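**Q** need a structure here:
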Amino acid sequence: MHQAAQARAIDCSEGRPGRFRRCLRSAIPFEQDFTLIGTTDQDHKGPPEEARCTDEERDYLCAFASRYFARPIAARDVVWSYSGVRPLYNDGAKSATAATRDFVLSLDGNGAPLLNVFGGKITTYRRLAQDAMRKLAPHLPGLKPDWTARVPLPGGDFPVDGVAALIDRLGTAYPFLSRSHAARLVRTYGTEAFALLGEARSIADLGRDFGGTLTEAEVGWLTEQEYASTAEDILWRRTKLGLHMSGAEREARKAPE
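**A** Now for the predicted structure:
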């Protein structure tokens, strides 16, 4: 579980009260105005979508952060929390804490090839995909050699120290954007921000303003290019703009169009 607090934030997973495994704890700057505080690690028995941050986990992370921050963190400071369920490969370890966090690939070649993926996380997604393709190579004639390590992700085709210059370029091309709005678009989309904004010549050309600088044009991009299908996808998964919107604005975005 992680949680986000005003000038800070939180990440958590459902578990037994008072029994938190040893896990990485951190507090990192998040979405400009917050801090992300995490994590807890607990067994989850139900469906993944039912994983929630418990009050016990929230209070545990607040107490942890309060040991290091100049001002103690209280439950009222937490503005958002999220939980995720990670499948672990059963490698015979005596406990889930000791089980491997590495991904495991298992190919079933009886009949049509079926590749099973156990574990994995965002920091190893590219290597996982690369290894998966290697596993499948015997069944995919003409598959090209590995190439993803040398190619940037969509929107990432600019120098690692070129963020400020890219923000300047975007602001020059679309002078109606505030500096903070241009910076957010670059952080989120990189060079693809230009394609998102297209031929817009004024803020009105971007359509409805949903709050938090989320525009109709951006919603269209997220649904058409990034497979967002719900308000939650848009506000909390593809972006974190829910943190920058009022409760009324978030509810309005959930309402049917």
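**Q** roughly how far apart are residue 159 and residue 192?
**A** Distance check for residue 159 against residue 192: by CB to CB, to the nearest Å, it reads 16 Å. Placement of C-beta: from N, CA and C, glycine included.
**Q** do the same with residue 79
**A** 28 Å.
**Q** Same question for residue 204.
**A** Taken as CB to CB, the span from residue 204 to residue 192 is 22 Å.
**Q** Compare these two and say which is more crowded by neighbours.
**A** residue 192 (19 against 11; other CB atoms under 10 Å).
**Q** can you pull the contacts of the more buried one?
**A** Contact analysis of residue 192 by CB atoms under 8 Å, 6 or more residues apart in numbering lists 154, 155, 225.
**Q** could those residues go into JSON lines alongside pLDDT?
**A** JSON lines is the format used below for these (pLDDT from 0 to 100):
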{"residue": "154", "pLDDT": "95"}
{"residue": "155", "pLDDT": "98"}
{"residue": "225", "pLDDT": "97"}
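**Q** Looking at neighbours, which among the residues you listed is most surrounded?
**A** residue 155 (17 neighbours).
**Q** Secondary structure element for residue 229, which one?
**A** Counting by DSSP states H and E, no helix or strand carries residue 229.
**Q** and the residue nearest to it when sequence neighbours are not counted, how many neighbours?
**A** Leaving out its chain neighbours, the residue that sits closest to residue 229 by CB to CB, 6 or more residues apart in numbering is residue 223, at 7.0 Å. Counted with other CB under 10 Å, the neighbours of residue 223 add up to 15.
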